[in-house]
Each structure stands twice: as C-alpha cells, then as structure tokens.
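*Asks:* return atomic coordinates for the entry below.
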Amino acid sequence: MKLALLALFALSTTLLPLIMAAEQVVDTSGNAIFPGGRFYIMPNIFGAAGGGVKFGRTGNQICPVTVLQDYSEVIKGLPVKFAIKQDIGPGIIFTGTPLEISFEYKPGCAESSKWVVIDDLPAPYVAIGGAENHPGKIIIDGSFKIEKVGTFSYKLIFCPSITAPPGLCYDIGRYDDKHGRRLIVTNKDAYELVFEDAGVVDEHYSIVA
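*Replies:* Next comes the predicted model:
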C-alpha cells in the first residue's frame, strides 16, 4: 500500500468493503448508462456544488492532466466514457462493476485520456495520462466503481488492486484548488453526483494544449 493510502487507512478503523445489491446505473433521465456512451458527470445538486469535470493544470504541471470539477454550475465540463474492466459479463454497468473512465478528448501532450490515481499527500488525486505526465510520482493500479447514494444519485469509489486487508475501496471526494476542485481519494465526504447524457459527438470540439 502506498504512502497516501496508508495515511487514509490510519484515519479510519471502520473502513471495510461495501457489500450491496447491484443495480443498473442510470442517467438523470432514468436511462441505463452503457459502455461507450457519452456522459457528463455533474453534482447531484445544482448551484453552489459546482459544475462538471474537466482536465486542467495544477502545481507545476506543464500538461493539463489533473481531473478537476469546474466551480461554475453552468459549465458541464467534458464528456466521459466508461469501459468495463476486463470486459466480463453482459456488458451492462451495474453498481460495483469495475470500470475504466476516460475523457472523450485529451490534450496533445497527454499520453492518454484514461483516469488514473496518483499517489500524493495530503491525498491521492485523479488525473489522466501516463507515467511521463507525472514524473517522480506513482500511479496506483486499481479500478473505479459506481455506488448508489440516492434515486438518481451516485458516488465514485476507487479500489486499489492491492490493499491490506484485501478488497478495500475509497470514496472519490473533492479538494479545492485555485484552478478548480480536484477529485481526490478519501474516506469521507464523497462527491455525490449524477450522470447526464451528453448526446451526439460535437464534431467542432477541439483541444488546444
């Protein structure tokens, strides 16, 4: 277990794997989300909770590879796509399904648009790209999962491949940065969110890094 996750575990003696009945994950219209579909990740309450997720620069990054939530509630951010890890089962996304999450677009300087977790203090954070985009830092291997918190409300959790004891997962929360709210791995204050169908591809969208 990496340094930052050790620090998280030390803050809680009751952190155990969640065992819940799996339900199909749906968007704000009640339609099932599915691998390959385009969805905005938005807070479950409109207003001060902010807007959608995007990538941006934090710290001394040259390439905008930190996953951030926009402070403005009118900004939907960038669409994401979900892929079922190892592509097992019927191809339906249920709560608890191990997932990979990717932005539909990426800056040219980023190796990949796929979400990864970077080991860091005070907490691991969500980013995109590969090792070359995060020099001197460790990418924690693992999977994202979706868990239900309300009728159409969910939270994301991150489950490292290796934990002690085995099978631990951690909530994805938020940490205020001057560029936006970082998505971080935490054991409290989960980011409660919804999935909004992003519709068809905007062929005029472009990314300039």
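
*Asks:* could you list the low-pLDDT ranges of the chain?
*Replies:* When residues are selected by pLDDT under 70, those of the chain lie in 1-20, 87-90, 200-209.

*Asks:* quick one, strands of it?
*Replies:* Counting by DSSP state E, the chain has strands at residues 39-43, 53-56, 66-69, 80-84, 99-103, 115-118, 125-128, 139-140, 142-148, 154-160, 170-177, 180-186, 193-197.

*Asks:* closest to Ser29 out of those strands?
*Replies:* Nearest of those to Ser29, taken as CB to CB: strand 193-197 at 6.5 Å. From N, CA and C alone the C-beta is placed, and that goes for glycine too.

*Asks:* pull out the buried positions in stretch 187-204.
*Replies:* Across stretch 187-204, burial judged by 16 or more other CB atoms under 10 Å covers 187, 190-196, 198.

*Asks:* give me the contacts around that stretch.
*Replies:* Residues outside stretch 187-204 that contact it (CB atoms under 8 Å, 6 or more residues apart in numbering): 8-9, 11-12, 15, 25-29, 31, 33, 37-45, 69, 76, 79, 104, 149-150, 152-157, 170-174, 183.

*Asks:* what about 6 Å?
*Replies:* Under the criterion CB atoms under 6 Å, 6 or more residues apart in numbering, residues 8, 12, 15, 27-28, 33, 38-44, 79, 149, 152-155, 170-174 lie in contact with stretch 187-204.

*Asks:* just how off-centre is it within its chain?
*Replies:* Chain-centre distance of stretch 187-204: 10 Å, with CA atoms, centre = their mean, to the nearest Å.

*Asks:* I'd like the strands of the chain laid out as JSON lines, including distance to Ile93.
*Replies:* Below are these laid out as JSON lines (distance: least, CB to CB, whole Å):
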{"stretch": "strand 39-43", "distance to Ile93": "10"}
{"stretch": "strand 53-56", "distance to Ile93": "18"}
{"stretch": "strand 66-69", "distance to Ile93": "19"}
{"stretch": "strand 80-84", "distance to Ile93": "6"}
{"stretch": "strand 99-103", "distance to Ile93": "7"}
{"stretch": "strand 115-118", "distance to Ile93": "15"}
{"stretch": "strand 125-128", "distance to Ile93": "19"}
{"stretch": "strand 139-140", "distance to Ile93": "22"}
{"stretch": "strand 142-148", "distance to Ile93": "7"}
{"stretch": "strand 154-160", "distance to Ile93": "11"}
{"stretch": "strand 170-177", "distance to Ile93": "16"}
{"stretch": "strand 180-186", "distance to Ile93": "19"}
{"stretch": "strand 193-197", "distance to Ile93": "10"}
